[in-house]
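Trainee: Sequence first, then the predicted structure:
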Amino acid sequence: MSETDPIADAAEETMQLDSQLDGDDRLKPEFVRKVLDAVEDGDDESARALVEPLHPADIADLFELTPNDQRRDLARAITDLLDGDVFAEMNDYVREDLIDALEPHEVADIASELDTDDAVAIIEDMEEDDQRAVLRALDPDDRAAIEEALSYPEESAGRLMQRELIAVPEHWTVGNAIDYLRGHEELTTDFWEIFVVDPTHKPVGTCQLSWLLRTPRSIPIGDVMQREQTLIPVDMDQEEVALRFQKYALISAAVVDPNGRLVGMITVDDIVHIISEEAGEDTLRLAGAGDGDINEPLHLTIRTRITWLVVNLGTAMIAASVVGLFQGQIARFALLAVLMPIVSGMGGNAGTQTLAVVVRALATNQLTSSNTARMILREFRIAVANGLMLGLLIGGGTWLIFGNQDLAIVIALAMVINNMIAGLAGVLVPVTLERAGVDPAVSSAVFVTTSTDVMGFLSFLGLATLWGLGG
């Protein structure tokens, strides 16, 4: 019997993956269709054979690409491939749907395979009764760790951290640490550094694995470790945690309780997800689109969007009431009605540009109380420059098209004024909301748009009235 050729096996596996994924590492539509056809025909063996070579993240993608009414049938067909790693990679809404179909002991089995942070992500969104049933089915140690994590605020370091870490006392030598790592199979296998603690279990330093491997066994850990470290309070918001990882180029960091004791660690793979989520959230909130997740239940999406659309309807009525104040002037000179949307629309676009820059600066801690005045001045200068250029363009165009010098001057001045308002509102609104404890990404767009609409109409129609156009 010929021995298995590992190179040939690897080549065959690569060819299989090439037939399943496109150039952007996304599952091909024909592959997804083939798997679902096998499930629909009751051919579970063929479905498992197709799915088995996939990475857990690709299996999670397969479920997200599967229509909602077919996901549970797919889960039944490939149930032996649905391990904790797949659930950890899965979209929240898709995962919740599948978890609802499982018995508590099955959820407990999945959670027990995962690090604490991933297990918490699965359990935290369950109904309270189901959550208790799952916790009762867990081993006492796992249950205690997850219950402790659930006691921390949502989106905090306590929810994000994992308890599985390596901590050694400062008086050990490098040899002691290496023997400890090799002699205890129950220790976690995914780590980049070990934490050094004092007798009260407070972290006093960190030691990278590369340092251990390159240092003689007799050297004390205290002589190898780095004493300067970034400690994460257990109640710190996950967005602030991500900023610390980004600022200090961290791979992992110790999490400490209010007494300074080591209770967990956060690793960079979790932070990558947080950065992606927070960036997407801010963008979608600026548009009032909620989570913006295509797997979100339809009723939740409708409720979120209609809320902000109703708010926008109210602000539009405010702008319309300003136009109503000048209806007599508009009736005498109809060209005002033709041109006034240009002034308000351009102001809205300018305000949105500034708002996006400021919200990002606030989210990344680039904009603080120490440089707010400089930021306001900077954006005001940009607004004046843009307003002057746009004013000259629209004024010149109006003069050429309509041959009315007064109208050209009025619309040019209105464009400058509204751009200045847009620049100021784009900075002042999010900064004011942030200092008032309100998320600027959620509410700023409504106030900025209202400001530019109202001032656009008011400046253009007001100047036209003062100038005596149509009189």
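Mentor: Arrived safely.

Trainee: I'd like to know how far V427 sits from E45.
Mentor: V427 is 62 Å from E45, where distance means C-beta to C-beta, to the nearest Å. C-beta: built from backbone N, CA, C; applies to glycine.

Trainee: How about D97?
Mentor: Counting by C-beta to C-beta - D97 and E45 are separated by 25 Å.

Trainee: Give me the pLDDT value at the residue nearest to G462 when sequence neighbours are not counted.
Mentor: Spatially, and ignoring its direct neighbours in sequence, G462 is nearest to F326 (7.5 Å; C-beta to C-beta, 6 or more residues apart in numbering). Here, the pLDDT recorded for F326 equals 92.

Trainee: Show the low-confidence segments of the stretch 301-450 of the chain, by residue range.
Mentor: Within the stretch 301-450 of the chain, the set of residues satisfying pLDDT under 70 is empty.

Trainee: That one: helices as residue ranges?
Mentor: Remark: helices assigned in the stretch 301-450 of the chain by DSSP state H, counting those that start in this stretch are 327-332, 335-363, 372-402, 405-435, 440-467.

Trainee: Redo these as a markdown table? Include mean neighbour count and distance to L243.
Mentor: Formatted as a markdown table, the helices of the stretch 301-450 of the chain follow (neighbours: other C-beta atoms under 10 Å; distance: least, C-beta to C-beta, whole Å):
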| stretch | mean neighbour count | distance to L243 |
| --- | --- | --- |
| helix 327-332 | 14 | 50 |
| helix 335-363 | 21 | 8 |
| helix 372-402 | 16 | 18 |
| helix 405-435 | 23 | 15 |
| helix 440-467 | 22 | 15 |
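
Trainee: looking at those, which is closest to H273?
Mentor: Across these, H273 has its closest neighbour in helix 335-363 (16.1 Å, C-beta to C-beta).

Trainee: Tell me the helices and strands packed up against the closest one.
Mentor: helix 268-286, helix 327-332, helix 372-402, helix 405-435, helix 440-467 (3 or more C-beta pairs under 8 Å, 6 or more residues apart in numbering; DSSP states H and E).

Trainee: got the angle between it and helix 405-435?
Mentor: 30 degrees (axes from the mean of the first three to the mean of the last three C-alpha atoms, to 10 degrees).

Trainee: Any idea how far helix 335-363 is from the middle of the chain?
Mentor: Mean-position distance between helix 335-363 and its chain equals 25 Å (C-alpha atoms, centre = their mean, to the nearest Å).

Trainee: Same check on stretch 443-459?
Mentor: Taking mean C-alpha positions (C-alpha atoms, centre = their mean), stretch 443-459 and its chain are 28 Å apart.

Trainee: Could you dump the helices and strands packed on helix 335-363 into TSV with distance to L36 added?
Mentor: Formatted as TSV, the helices and strands packed on helix 335-363 follow (distance: least, C-beta to C-beta, whole Å):
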stretch	distance to L36
helix 268-286	28
helix 327-332	59
helix 372-402	51
helix 405-435	45
helix 440-467	38
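
Trainee: mind checking which of those is nearest P341?
Mentor: helix 440-467 (8.5 Å).

Trainee: How about residues contacting stretch 351-368?
Mentor: 239, 243, 246-247, 278-279, 282, 286, 375, 379, 382-383, 421-423, 425-427, 429-431, 434, 440-441, 444-445, 448-449, 451-452 (C-beta atoms under 8 Å, 6 or more residues apart in numbering).

Trainee: right, and L428 touches A373 too?
Mentor: No - between L428 and A373 there is no contact under C-beta atoms under 8 Å: 11.4 Å.

Trainee: coming back round to it: quick one: closest of the helices and strands packed on helix 335-363 to W308.
Mentor: Nearest of these (C-beta to C-beta): helix 440-467, 7.4 Å.

Trainee: which secondary structure elements does that closest one contact?
Mentor: helix 268-286, helix 298-324, helix 327-332, helix 335-363, helix 405-435.

Trainee: hmm, back to that, please work out how many residues are found near the residue nearest to G462.
Mentor: Using other C-beta atoms under 10 Å, the number of residues around F326 comes to 19.

Trainee: and the helices and strands packed on helix 440-467 as CSV, adding distance to R71?
Mentor: Below are the helices and strands packed on helix 440-467 laid out as CSV (distance: least, C-beta to C-beta, whole Å):
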stretch, distance to R71
helix 268-286, 22
helix 298-324, 16
helix 327-332, 56
helix 335-363, 34
helix 405-435, 39
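
Trainee: Indicate which one of those helices is closest to R72.
Mentor: Closest of the helices and strands packed on helix 440-467 to R72 is helix 298-324, at 18.3 Å (criterion: C-beta to C-beta).

Trainee: buried stuff in that closest one?
Mentor: For helix 298-324, the buried set under the neighbour-count rule, 16 or more other C-beta atoms under 10 Å, comprises 301, 304, 308, 315, 319, 322-323.

Trainee: mind giving me the domain ranges of the chain?
Mentor: 6-160, 167-282, 298-467 (automatic domain parsing).

Trainee: Over to the last one now: how far is its first residue from its last?
Mentor: Spelled out, that is domain 298-467. Using C-alpha to C-alpha, to the nearest Å, the end-to-end distance of domain 298-467 comes to 52 Å.
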